[in-house]
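# No letters, just coordinates:
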């Protein structure tokens, strides 16, 4: 709090007297934040709130004795609290107008008593106690300029001193320091936009406005006058007792269209005051409006006539002033406040306070210099302001390599926190490769092999200009590596003050060897050290390099062991960290091989399922289950882990938690189920355990992520007819249809359309969707969605709807522009979209009238362009679409002319039997044209088809035989014509 008051708050002083806080928006914001902190201190930190200050905070109060009630003894003009310190002195004492407070408890009570006066009381308190931390904890904790060593001194003291009061002091100091950082961070936003007025700036503006004031039609004002003609040596016209509040002068302005305006001009800006006091030669100084940056801006808001007439003048009044001596602009160092301790304490007055620009030329030169520097950084490929300075923002494909191991440390020996020293862990230098952004690990699908693979990363060059966070973490590293448990805990707390979501801090921890120590701390018997370490690891394991390093250093094995701990907080943190780390194959395998799956499933064995008003114990139970489900969700991307979860008894436990009403646990539970639903055994269990009803119920949740995972689970489970029937019976079609029409979430739409696609395979579901819920119209409208996943899912879902609907042809034609829309989707570059659209065209072309319409829209040449593809899924549906489109007019001739026949012959060499069947049917239809027969024969189709004539698939057998027959008949006709 001392640093914020010294460096960010705006103070003024008249003569040699003590400074006072100016009445500015920045100061008001700082005061409100301090008040909020103090009001909630007793509730959040009861032990620290009872701590008695080293010296009382003392100030002149505006409160009188009558406002004090229960808990206070009132005796005439004296009030004292019933609460007393160890020396028997009251913790709050009011004598006359002097107030003394000696604990946060009493500060909190006082602010509640003060009510609307609490802002004034806080201001008075801070003006009288410029560095309150000295009064609270002692002079050794005072705010100093330059490098602040108080934290390091505190660490040394805690290492040597086991006094419990020292630990309380440490906690209070950390809390006040955190408030300081928050205040400084908040003030930067205000200061960066701040404009400071001075007497010369105001005088110039007043004289300029006077030149355009008077009684005439075109004047901007009727009059503009100072309330006082006397000017002090500093240029101010306000009396000295108002100058201490930053006030410069007072004006009476008479616009043409409003009553006279009485305004105050201060260093913070211009605002409306209370005007002339009746019967007195004085004014009401209290602010009655917002603060504006200058007089013109103020008048623009107050007088429409002023604004109108000002626009007619040939002078540019609304432009920013160009006189450098008129305004002092607040200049902020280009440093991002991210929780670091050292940087913010090292910002000095000259970094955050006013700087006068000596001349316009100097300003231009400085701007030019800044521009050149900016271009220099850009040319070097350095990241934007939100990225670390020493990481490159550019990476080409040439930079991508297999990721090397970041360390080869093996932690096998159990170490005590109290015995950790810089030499207790042998650490090899960390890898120098850096990543410029967050990489999403390649997800491991159900069909992927279990063999491990390295993840590609970008290798960046490091600049010599290391960020300040790096040095701050380096200072903490030595206390982390060596010291007693209390010092280690303090170092962990200080490390958490850094913005651990920032990549700079994450990689600094890795580079400086702290990651190895953090993992060592997990293998101790000190609960506080383990918790502190896991809290840091949980945050930094969002980084792909950190995840791999944790796995390489054996961190997962230790975290799996921690899952057996009786401490619930420890188990939760371990599970959450495992959830972050287990995003690549090696980590998922490690968790399984060291018994982690069984332990994680064990975390789901709670008792609070279905509790509407859970006890604190049940709430802990739910939190443990949530963390366990998160970890299982990450692990369930591996096929073997899915089987391990099933064998560990995870399915019935997931089914139990699926009945819970808490979205926080439902999301990972359903996420795990939808990952596992790719396995037939899970689909059967989901159906038989009654989970479909709960999945349908949660489709109506307010949480879109939960809705998406429920829809994905239904999509995978609805492969089975029994599941499709259950979805309908439990009313699942209606919420799915509603989500089609209401949601703009692309991932949700893709999942919902997929679920409808599978459900629509059953004719009963299609009739309900079409007749009652207007689902097909909504699906068709989703074809216009720009997201390829949504387009593909919608097209797939349309297929069974057309196939099973009564009067399908008429229904399709009823969608205005629908056929043209679906034909145009054949121009997409997405293979899944193309396959789904071809499947839809196959069903549309079964109606002769619709086939004629899509032919007119150019479906034949568009299908022909797709023929040269190696994607078997697209090949199958493309061949089916060509087969059905051949049945109209001269389409089969056009297919031959647009070079679609020869590529189709090559489809017969595919290993997919479904491609063979579809291709044979297409070739049979195309072989009705003689020219197509010649093309097929030239490309060797006969030999390929002969092998398929003996197929057990009757459809394939008949199509192959029919195509050969057509080719043979053409050959016979040609031979007969030739030889007679």
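Received, thanks. Note that the structure is predicted; figures quoted are calculated from it, not measured.

# give me the number of residues near residue 47?
By the criterion of other CB atoms under 10 Å, residue 47 has 11 neighbours. From N, CA and C alone the C-beta is placed, and that goes for glycine too.

# Output the contacting helices and strands for the longest strand seen in the chain.
Assignment by DSSP state E gives strand 247-254 as the longest strand of the chain. Packed against strand 247-254 by the contact rule (3 or more CB pairs under 8 Å, 6 or more residues apart in numbering; DSSP states H and E) you find helix 199-210, strand 223-226, strand 261-266, helix 295-302.

# Mind listing what's buried along the shortest one?
Along strand 223-226, the positions that meet the burial threshold by neighbour count (16 or more other CB atoms under 10 Å) are 224, 226.

# Just checking: what are the partner strands of it?
Note on strand 223-226: by DSSP bridges, its sheet partners are strand 247-254 (antiparallel).

# From the chain's centroid, how far away is the partner strand?
Relative to its parent chain, strand 247-254 has a centroid offset of 48 Å by CA atoms, centre = their mean, to the nearest Å.

# for stretch 813-833, same thing?
With CA atoms, centre = their mean, you get 35 Å for stretch 813-833.

# same deal with stretch 488-506?
19 Å.

# Equivalent analysis for stretch 865-881, please.
The chain centre lies 40 Å from the centre of stretch 865-881; the measure is CA atoms, centre = their mean.

# show me where pLDDT drops low in the protein?
1-19, 22-23, 143-164, 188-195, 313-465, 483, 607-618, 742-743, 770-774, 980 (pLDDT under 70).

# helix/strand/coil for the residue nearest the centre of it?
Most central in the chain under CA atoms, centre = their mean is residue 501, positioned 10.5 Å from the mean C-alpha point. Here residue 501 is coil, with the state taken from DSSP: H, G, I helix; E, B strand; the rest coil.

# Residue 677: how many residues sit nearby?
26.

# tell me the contacts of residue 98?
For residue 98, the contact set (CB atoms under 8 Å, 6 or more residues apart in numbering) comprises 58, 59, 60, 61.

# are any of these buried, and which?
Buried, going by 16+ other CB under 10 Å: 58, 59, 61, out of the contacts of residue 98.

# Surely the first one is within a helix?
No: read with three-state DSSP, residue 58 is strand and lies in no helix.

# now it, nearest residue through space, not along the chain?
Nearest residue to residue 58 in three dimensions, chain neighbours excluded: residue 100, at 4.8 Å (CB to CB, 6 or more residues apart in numbering).

# So which bits of stretch 942-960 are buried?
Residues 942, 944, 945, 948, 949, 951, 956, 957, 959, 960 are the ones in stretch 942-960 that count as buried (16+ other CB under 10 Å).

# how long is it end to end?
The first residue of stretch 942-960 is 9 Å away from its last residue (CA to CA, to the nearest Å).

# Also stretch 878-891?
Stretch 878-891: ends 15 Å apart by CA to CA.

# Identify all contacting residues around the longest strand of the chain.
With CB under 8 Å, 6+ apart as the test, strand 247-254 has contacts from 197-199, 202, 206, 221-228, 235-238, 260-267, 273, 283, 285, 295, 299.

# hang on, the earlier thing: what is the three-state secondary structure of the residue nearest to residue 58?
strand.

# Pretty sure it sits against residue 53.
No: between residue 100 and residue 53 there is no contact under CB atoms under 8 Å: 9.7 Å.

# mind checking which of the helices and strands packed on strand 247-254 is nearest residue 95?
Among those, the nearest to residue 95 by CB to CB is strand 261-266 (34.3 Å).

# Check which residues of the longest strand of the chain are buried.
The neighbour-count check on strand 247-254 (16+ other CB under 10 Å) flags 247, 248, 249, 250, 251, 252, 253 as buried.

# Could you check how far the third one is from residue 279?
Yep, that's residue 249 we're talking about. 23 Å (CB to CB, to the nearest Å).

# How about the last one?
The span separating residue 253 from residue 279 equals 23 Å under the rule CB to CB.

# Show me what the longest helix that the chain contains packs onto, helices and strands only.
Longest helix of the chain, by residue count under DSSP state H: helix 164-192. Contacts defined by 3+ CB pairs under 8 Å, 6+ apart place helix 164-192 against helix 2-7, helix 25-44, helix 46-49, helix 132-137, helix 150-160, helix 341-346, helix 349-352, helix 485-496.

# where do the helices sit along the stretch 851-980 of the chain?
Along the stretch 851-980 of the chain, counting by DSSP state H, counting those that start in this stretch, helices occupy 859-865, 872-885, 891-897, 901-907, 913-926, 930-938, 941-949, 954-979.

# Just put those in a markdown table and tack on distance to residue 780.
A markdown table is the format used below for the helices of the stretch 851-980 of the chain (distance: least, CB to CB, whole Å):
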| stretch | distance to residue 780 |
| --- | --- |
| helix 859-865 | 17 |
| helix 872-885 | 18 |
| helix 891-897 | 24 |
| helix 901-907 | 29 |
| helix 913-926 | 25 |
| helix 930-938 | 33 |
| helix 941-949 | 37 |
| helix 954-979 | 30 |
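
# tell me which residues of the host helix or strand of residue 722 are tucked away?
Assessed by DSSP states H and E, residue 722 sits inside helix 721-729. Buried residues in helix 721-729, counted by 16+ other CB under 10 Å: 723, 724, 725, 726, 727, 728.

# ditto for stretch 697-706
Neighbour-count burial for stretch 697-706 [16+ other CB under 10 Å]: 697, 698, 699, 701, 705, 706.
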